[in-house]
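Undergrad: A predicted structure for the sequence below; I have some questions about it.
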Amino acid sequence: MSYQIYSHVLPSATPGTQRILKAHHFGEAGARPKVYFQAGLHADEWPGFLVLNRLIKLLKKADKSGLIQGEIVIVPVANPIGLAQNFHGYIPGRFAFSDGGGNFNRNWPQLGSKVHKRIKHDVTGDAETNVTLIRKAIREELTLLPENTELQGMKKMLLALSMDADDIIDLHCSGEACMHAYVAQEFEDHFRPLLALLDAKVGLSELETGAASFDETNVSVWRDLKSHYAHLVPWGSRSLTVELRGENDISEEYAQQDAKALFDYLILREVVSGEAPIIDDSEVKYYPLDAMDLVKAPCAGIVCYHKAIGEEVEAGEEIGEVVNLMEDDVDTSSYPLIARTNGVFFARVQRRLVVYGESIAKIAGREHLAFREIGHLFED
């Protein structure tokens with residue numbers, strides 16, 4: 001059996017405190033393919049916790065039967081810092097309270113130029129040799145990353161566990177949503193089977209969002225080097241962010257269903273031995289991220305939706321309304337939410353009390369929207 005659990009201690013932020021990242025390892029270290037999973041980087045997004053718990057159970061059985069062929073690393077709780085931000089029973093785990101604040105899934109260290117500097121005189125005509133060379137350079141650069149704070153230490157460790165993986169799967173969720181994923185344009189075909197297994201009909205196709213998120217950071221080195229060396233540098237890592245429906249979509253049924261989908265994907269990629277799943281990806285559709293309409297609240301108040309998650313909408317259609325509670329005339333206090341694109345209404349905030357100007361709903365559109373700017377496609 002190859003199953004092992006490692007606990008990685010983060011730098012102590014305050015006297016008497018200590019947080020750990022626990023990583024579950026299956027297979028022999030260095031075996032290929034390697035797949036990395038994590039959940040809860042946004043510490044208020046919890047469905048992935050139970051999904052990976054159930055996936056570990058499936059993999060323990062597979063390990064006992066000698067079915068693990070590659071290497072699998074699972075960090076089921078990726079952000080103990082955010083989970084500790086408990087404020088009277090509410091866990092605001094999207095943004096850090098300390099260490100400069102900010103979104104936990106933004107502004108990760110970018111290593112592309114540093115790795116390029118290390119390897120530029122050693123690149124060969126053999127692609128696989130170059131992959132080995134690049135992975136070694138990545139490891140060397142990772143050791144140099146600072147860990148002077150708890151958050152720096154957490155980011156450094158998560159990257160050390162993930163950056164040499166062939167596939168990186170980061171599990172998140174939205175407020176209320178159907179299953180969907182954010183996928184780099186280059187990996188649409190590669191991850192289409194995974195989306196099909198998860199019954200995700202919506203994929204948001206990314207290219208340089210400007211967020212420096214975890215999933216982008218894992219592939220940014222390869223994207224940077226491919227711009228210099230083209231086919232001499234293949235994709236050494238591919239990553240995506242899976243949004244496991246909404247915050248409250250947590251159940252044994254969902255967890256087992258999603259864990260089985262991830263397990264089947266491992267079989268498909270020959271990381272685990274087994275009968276390959278039959279894939280029907282006919283309902284998986286990719287929508288450009290710069291075609292996604294972020295519907296904003298036209299005033300502060302209570303939002304009421306007229307369209308359900310997963311429904312098709314048309315540009316100009318009213319998908320809901322916000323009631324301004326401070327209007328003198330209640331007969332004219334409702335302000336419509338208007339879709340600005342044709343597409344699928346796939347996500348919305350869970351709160352029904354909304355703030356003027358905030359993005360409260362998402363529509364996956366099919367054509368570029370002029371007001372969406374490449375390189376600034378995410379709002380925190």
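TA: Cool, the structure landed.
Undergrad: Now do the same contact list for the residue lying closest to K226 once chain neighbours are set aside.
TA: Taking Cβ to Cβ, 6 or more residues apart in numbering, and ignoring the residues beside it in sequence, K226 has V233 as its nearest neighbour in space, at 5.1 Å. Every residue, glycine included, has its C-beta placed from N, CA and C. Residues in contact with V233 (Cβ atoms under 8 Å, 6 or more residues apart in numbering) are V123, A127, N130, V131, I134, W222, L225, K226.
Undergrad: How many neighbouring residues does the first one have?
TA: Right, V123. Counted by other Cβ atoms under 10 Å, the residues lying close to V123 total 18.
Undergrad: before we move on, what about the fourth one?
TA: Look at V131: counted by other Cβ under 10 Å, it has 18 neighbours.
Undergrad: three-state assignment of it?
TA: For V131, the secondary-structure state derived from DSSP: H, G, I helix; E, B strand; the rest coil is helix.
Undergrad: I'd guessed it sits against P234; true?
TA: Yes. Taking contacts as Cβ atoms under 8 Å, V131 lies within contact range of P234: 6.4 Å.
Undergrad: D281 reaches L194, doesn't it?
TA: No. Between D281 and L194 no contact is recorded; they are 9.4 Å apart, counting by Cβ under 8 Å.
Undergrad: the more surrounded of the two?
TA: L194 (26 against 13).
Undergrad: Look up the closest residue to the more buried one, ignoring the ones flanking it.
TA: With Cβ to Cβ, 6+ apart, the residue lying closest to L194 is Y265, at 4.9 Å.
Undergrad: can I assume the one you found sits in a helix?
TA: Yes. Remark: Y265 belongs to a helix, assigned using three-state DSSP.
Undergrad: so how many other residues sit close to it?
TA: Per other Cβ under 10 Å, the neighbour tally for Y265 reads 23.
Undergrad: Same check on D215?
TA: Per other Cβ under 10 Å, the neighbour tally for D215 reads 29.
Undergrad: Now do it against R106, distance only.
TA: Between D215 and R106 the distance is 12 Å, computed by Cβ to Cβ, to the nearest Å.
Undergrad: Would you map the helices across the stretch 251-380 of the chain?
TA: For the stretch 251-380 of the chain, helices defined by DSSP state H, counting those that start in this stretch occupy the ranges 252-268.
Undergrad: low pLDDT regions in the stretch 101-250 of the chain?
TA: In the predicted model, the stretch 101-250 of the chain carries no residue with pLDDT under 70.
Undergrad: R118 and T132: what is the separation?
TA: Using Cβ to Cβ, R118 is found at 13 Å from T132.
Undergrad: ok, the two, which is more surrounded?
TA: For R118 and T132, the more surrounded residue by other Cβ under 10 Å is R118, and the numbers stand at 17 against 11.
Undergrad: Am I right that D170 is in contact with L240?
TA: Yes. Assessed by Cβ under 8 Å, D170 is found in contact with L240 at 7.2 Å.
Undergrad: Now do the shared contacts for those two.
TA: Contact with both D170 and L240 is made by residues D215, according to Cβ under 8 Å, 6+ apart.
Undergrad: Compare these two (neighbour count), which wins?
TA: D170 (28 against 24).
Undergrad: In a helix, that one, correct?
TA: No. Counting by three-state DSSP, D170 falls outside a helix, being strand.
Undergrad: coming back round to it: show me what contacts the residue nearest to L194?
TA: Residues in contact with Y265, defined by Cβ under 8 Å, 6+ apart, are P193, L194, L197.
Undergrad: for the second one, helix, strand, or coil?
TA: To tie it back to what came earlier, the one meant is L194. For L194, the secondary-structure state derived from three-state DSSP is helix.
Undergrad: residues touching the spatially most central residue of the chain, list them.
TA: With distances taken as Cα atoms, centre = their mean, T241 lies nearest the centre of the chain, 2.5 Å away. Going by Cβ under 8 Å, 6+ apart, T241 touches D170, H172, A181, Y182, S213, F214, D215.
Undergrad: I'd assumed L244 was in contact with the third one.
TA: This points to A181. No. Because the distance of 9.6 Å does not satisfy Cβ under 8 Å, A181 is recorded as not touching L244.
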